[in-house]
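J.: Sequence first, predicted model second:
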Amino acid sequence: MAPSAATDDVFHALSNGTRRDVLARLSAGPASVGELAAGFDMKLPSFVQHLSVLERSRLVKSNKRGRVRTYELAPERLQVAEDWLAARRKTWEQRLDQFDQYVHQLKAKESGT
């Protein structure tokens, strides 16, 4: 099952600690670029690149009022990652259940001989 472009975009955005920290900050509510950047030790253009990645992946939305750009979390987009992880979890749970059954069969054979 090949991941979709949306899945790739979301996991690319989530692959960086700075971007995950921005998402965590935005979970408390909208914030301006300046408010978000204040918590990071990097130049503003570099920080804005992180915001661009988040916006392209549609994990955040931005709104510009005058000279101030404000970002907010788009939590529904996290469903893409959640769905992908749930499918992997289901597969591994099935495999572990099969392995458990196999181990029980081996133990039953050992105790029966």
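T.: That came in fine, so what should we check first? Numbering: from 1, shown residues only.

J.: Could you pick out the longest helix of this protein?
T.: helix 78-112 (DSSP state H).

J.: distance between that one and the chain's centre?
T.: Put simply, helix 78-112 sits 24 Å off its chain's centre (CA atoms, centre = their mean, to the nearest Å).

J.: cool, stretch 61-80 as well?
T.: Distance, centroid of stretch 61-80 to centroid of chain: 16 Å (CA atoms, centre = their mean).

J.: Quick check: end-to-end length of that stretch?
T.: 16 Å (CA to CA, to the nearest Å).

J.: picking that back up, can you point out the buried residues in the longest helix of the chain?
T.: 80, 81, 84 (16 or more other CB atoms under 10 Å). Glycine gets a C-beta too; all of them are placed from N, C-alpha and C.

J.: neighbouring contacts of stretch 23-33?
T.: Residues from elsewhere that reach stretch 23-33 (CB atoms under 8 Å, 6 or more residues apart in numbering): 14, 36, 39, 44, 47-48, 51, 54, 59-60, 68-73, 75.

J.: Please repeat the previous calculation with a cut-off of 10 Å.
T.: With CB atoms under 10 Å, 6 or more residues apart in numbering as the test, stretch 23-33 has contacts from 13-14, 22, 35-40, 44, 47-48, 51, 54, 59-65, 67-75, 78.
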